[in-house]
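Peer 1: Next one to model:
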Amino acid sequence: MQRRNIILIGVVSALVVLNLWRWLPDSDDSALPAAETAPTAQITAASLRLRGVAADDTGGSPARNLFSEWTPAPKRTKKAKAVAVSKKSVKRVSAADMARKAALAELGKYSLAGVVIRSGHPLAFLLKDDQRYAAKVGEVVDGHVRIDHITVHEVVLKEMETHVTRTVILSDE
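Peer 2: Model prediction:
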């Protein structure tokens, strides 16, 4: 055995010996003084009854139910005055305007990665999300965007349905 185990066994056995007198039954009850003997306890239903403070002297319900949700009363705010809106002030957006805005947003997703000029014909490299395109002037990209013009620093894109154009400048990315 290891020295550590021997020390632990010795400490445990010393504690058992020191507390042995608590576990042994008393053979001589007359040796204890009369003041230390416990009186026999009488257990009755009245002694087991739960005692507490009444919620209300009148016998009513408590002021708040602990099992229900409670939210504070809303704060009063000033009422907003109703404003009359004339038909002239309401701007109506037509379907064509919405289509132009959507096309402009779609063209805004393209970025120009670079331009290569081969034998006098420029070739633009475009990026859109995770897609890459290489296109010349007049070619259609993504099925609905035509390349109108290519220079060294920019490309002009035109959406074919709405004829919206956008110039995309060479990016540093």
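
Peer 1: Figure out the helix or strand that residue 127 lives in.
Peer 2: Element membership for residue 127, per DSSP states H and E: strand 121-128.

Peer 1: Give me the angle between the strand or helix carrying residue 98 and strand 121-128.
Peer 2: Under the criterion of DSSP H and E, residue 98 resides in helix 95-107. Taking axes from the mean of the first three to the mean of the last three C-alpha atoms, to 10 degrees, one finds helix 95-107 and strand 121-128 inclined to each other by 100 degrees.

Peer 1: Give me the buried positions along helix 95-107.
Peer 2: By neighbour count with 16 or more other C-beta atoms under 10 Å, helix 95-107 contains the buried residues 100, 103, 106, 107. For the C-beta atoms, the positions are set from N, CA and C on the backbone; glycine is no exception.

Peer 1: quick one: contacts for the second one?
Peer 2: So that's residue 103. 159, 161, 162, 164 (C-beta atoms under 8 Å, 6 or more residues apart in numbering).

Peer 1: Compile the buried residues of helix 95-107 into TSV and extend it with columns for pLDDT.
Peer 2: What follows is the buried residues of helix 95-107, written out as TSV (pLDDT from 0 to 100):
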residue	pLDDT
100	92
103	93
106	92
107	93
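
Peer 1: Please, where are all the helices along the protein?
Peer 2: Along the chain, counting by DSSP state H, helices occupy 3-18, 20-23, 45-48, 95-107.

Peer 1: okay, those helices in CSV with distance to residue 79 next?
Peer 2: Shown next, in CSV, are these (distance: least, C-beta to C-beta, whole Å):
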stretch, distance to residue 79
helix 3-18, 78
helix 20-23, 78
helix 45-48, 60
helix 95-107, 35
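
Peer 1: I figured residue 104 was touching residue 164, is that so?
Peer 2: Yes: between residue 104 and residue 164 there is a contact under C-beta atoms under 8 Å: 5.5 Å.

Peer 1: Using TSV, lay out the contacts of residue 103 together with neighbour count and distance to residue 136.
Peer 2: Formatted as TSV, these follow (neighbours: other C-beta atoms under 10 Å; distance: C-beta to C-beta, whole Å):
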residue	neighbour count	distance to residue 136
159	20	18
161	10	22
162	18	23
164	19	21
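
Peer 1: can you tell me which two in those are farthest apart?
Peer 2: 161 and 164 (8.8 Å; C-beta to C-beta).

Peer 1: Convert the C-alpha atoms of the helix holding residue 98 to CSV, please.
Peer 2: Written as CSV, here are the backbone C-alpha positions of helix 95-107 (Å, rounded to 0.1, in the frame of the first residue of the first chain):
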residue,chain,number,x,y,z
ALA,A,95,-46.0,49.5,-62.0
ALA,A,96,-43.5,50.9,-64.5
ASP,A,97,-41.8,53.0,-61.7
MET,A,98,-41.6,50.0,-59.5
ALA,A,99,-40.1,47.9,-62.3
ARG,A,100,-37.5,50.7,-63.0
LYS,A,101,-36.5,50.8,-59.3
ALA,A,102,-36.2,47.0,-59.2
ALA,A,103,-34.1,47.0,-62.4
LEU,A,104,-31.8,49.7,-61.0
ALA,A,105,-31.4,47.7,-57.8
GLU,A,106,-30.6,44.6,-59.9
LEU,A,107,-27.9,46.5,-61.9
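
Peer 1: Right, I'll leave it there.
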